[in-house]
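[1] Next comes the sequence, and after it the predicted model I'd like to discuss.
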Amino acid sequence: MKYNRILLKLSGEALMGQQQYGIDAVRLMQYAEEIKAAAATGTQVAVVIGGGNIFRGVQAEAFGLDRVQGDYMGMLATVINSMALQSALEKLGVNTRLLSGVTIQRVCEPYIRRRAMRHLEKGRVVIFGAGIGSPYFTTDSAASLRAIEIEADVVLKGTRVDGIYTADPEKDPSAVRFPEITFDEVMEKNLNVMDMTAFTLCKENNLPIIVFDMNKGGNLQRLLDGESVGTLVSM
Ligand code: UDP
């Protein structure tokens, strides 16, 4: 087994699938199937899912509303996505727990590190909702922080692009993908992997990141099998 414990970061935006807003049921079930297969290998799986398909704090600012309020709205959006993913996984017979950075006791457990570790040891898929529970952060930061806390071996950032490129491959057809890159090179080349807070947390704690295309079926499994998929960022 390549990794004992992983933290999978999924963007909320990716959950929209072909839609303009909200949750696409087909995409949701696809993610749940992939996570189920990953957990079935014996790898302990923790998941952080974003909220960009519903709300981001910066949108509140654009409306002329309070940013902090907007960020809490964004955090609650991640709880909605987390609940959807939890249901999808349970439909497939996977044991899950949802731990939230903002206490919402009717629907999820509060985030307690020791409890998260215990769930993982018991083979439950642990979903971390509400980011880190503080405004001015992102779910990428939550993914990095929680991964460090639970001593995950790697952060797997599932996106719609199959890795880190020399330029934006959606705009520049000559862009080339890096199979591997160091933290320092990412900074020197000013490449966009995660926001700076999230990236620095990984760098300072020597936590590798793999950026990969989560929408391509089987990619998560290939990664766990030790295949080179996407881009590995490490020391
Ligand atoms: N957010 C926050 N603190 C956190 C995590 C998230 O304030 O620890 C808010 C922030 O407004 C963010 C929104 O929740 O824009 C949704 O998360 P994110 O933008 O990371 O979602 P994604 O881009 O992955 O869909």
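    Great, that's in hand.
[2] mind listing what's buried in the worst-scoring helix or strand of the chain on mean pLDDT?
    Least confident helix or strand of the chain, by mean pLDDT, DSSP states H and E, is helix 57-62 with a mean of 92. Buried residues in helix 57-62, defined by neighbour count with 16 or more other Cβ atoms under 10 Å: 57, 60. C-beta coordinates here come from the backbone N, C-alpha and C atoms, glycine included.
[3] Equivalent analysis for stretch 215-224, please.
    Of the residues in stretch 215-224, 215, 219-220, 223-224 count as buried by neighbour count, 16+ other Cβ under 10 Å.
[4] Now do the lengthiest helix in the chain, average pLDDT.
    Under DSSP state H, the helix in the chain containing the largest number of residues is helix 67-91. For helix 67-91, the mean per-residue pLDDT is 98.
[5] Could you list which of the buried residues of stretch 215-224 belong to helices?
    Under the assignment DSSP H, these contribute 219-220, 223-224 to helices.
[6] Include distance to residue 52 and pLDDT when you put those residues into TSV, please.
    Rendered in TSV, the data for these read as follows (distance: Cβ to Cβ, whole Å; pLDDT from 0 to 100):
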residue	distance to residue 52	pLDDT
219	21	96
220	20	97
223	23	96
224	26	96
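[7] Can you list the low-confidence ranges for the chain?
    Judged against pLDDT under 70, the chain has no low-scoring part.
[8] Quick one: name the residues of it near the ligand.
    Selection of the chain residues close to the ligand by Cβ under 6 Å from any ligand atom yields 11-13, 50-52, 56-57, 70-71, 74-75, 77-78, 131-132, 134-135, 137-142.
[9] Which strand or helix spans the most centrally placed residue in the chain?
    The residue at the geometric middle of the chain, judged as the C-alpha nearest the mean C-alpha position with Cα atoms, centre = their mean, is residue 9 (1.1 Å). Applying DSSP states H and E as the criterion places residue 9 in strand 5-10.
[10] could you point out which element follows that strand?
    On the C-terminal side of strand 5-10, the nearest following helix or strand under DSSP H and E is helix 25-40.
[11] which helices and strands sit right next to the helix or strand that that next one is followed by?
    On the C-terminal side of helix 25-40, the nearest following helix or strand under DSSP H and E is strand 44-49. The helices and strands touching strand 44-49, judged by 3 or more Cβ pairs under 8 Å, 6 or more residues apart in numbering; DSSP states H and E, are strand 5-10, helix 25-40, helix 67-91, helix 113-121, strand 125-129, helix 139-149.
[12] between strand 44-49 and strand 125-129, how big is the angle?
    Orientation note: strand 44-49 sits at an angle of 30 degrees relative to strand 125-129 (axes from the mean of the first three to the mean of the last three Cα atoms, to 10 degrees).
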